[in-house]
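Chemist: Sequence plus predicted model, see below.
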Amino acid sequence: MRRSERLSLEGLEDLSSIELRVEWARCHGAPAPNLSADLLRLGIAYRLQENRHGGISRETKRILLQTSRSANVGGDRPSSPLQRKLTPGTSLVRDWHGTGHTVTVLDEGFEYDGQTWRSLTAIAKAITGTHRNGPRFFGLTQ
């Protein structure tokens, strides 16, 4: 394939293993890893689509990075809970001893029982009478 030709997804099927390694190096800016031709095609196809349509969002990258940093080696659960970004207007609902409690997320803080609160932990304490982890109480962490 000449350098001036633009590679398409369909064109990947026609490339030999050597051509795939060359194309990988061109697309990724690094030598091709020791992978099968099928996996090289998938990696090149992903990069072609990423270049054409844009990659993953900044928020998704942040979540992936946070997940990889918090993962236990050899474990299947993260060592610390992921932080979830709550959008203003979101309602959190919790049933406590047969009574429903609804909290609304504000731009800064939370609204519960007609008052503005700084944290979910303070609201959880007001509901239960004891100190509790607010995000866990409202089901935002494991």
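Modeler: Perfect, I can see it now. Remember, predicted model here, so these are calculated numbers, not experimental data. Residues are numbered from 1 along each chain as shown.
Chemist: Tell me where the model's unsure across this protein.
Modeler: Applying pLDDT under 70 to the chain flags residues 1-6, 71-84, 142.
Chemist: dump the residue contacts of residue 59.
Modeler: Counting by C-beta atoms under 8 Å, 6 or more residues apart in numbering, residue 59 touches residue 85. Where C-beta positions appear, they are placed from N, C-alpha and C, glycine not excepted.
Chemist: What distance do you get for it to residue 141?
Modeler: The gap separating residue 59 from residue 141 is 18 Å, by C-beta to C-beta, to the nearest Å.
Chemist: chain center to the helix or strand containing residue 60: distance?
Modeler: Residue 60 belongs to helix 58-70 when elements are defined using DSSP states H and E. Remark: helix 58-70 is offset 6 Å from the chain centroid, using C-alpha atoms, centre = their mean, to the nearest Å.
Chemist: Pull out the buried residues from the helix or strand just after that helix.
Modeler: Note on helix 58-70: by DSSP H and E, the next helix or strand toward the C-terminus is strand 91-96. Neighbour counts over strand 91-96 (16 or more other C-beta atoms under 10 Å) mark 92, 94 as buried.
Chemist: Strand 91-96 pairs with which strands?
Modeler: Here strand 91-96 is paired, per DSSP bridges, with strand 99-105 (antiparallel).
Chemist: Tell me, how many residues neighbour residue 100?
Modeler: Residue 100: 8 surrounding residues under other C-beta atoms under 10 Å.
Chemist: Fine by me, thanks again.
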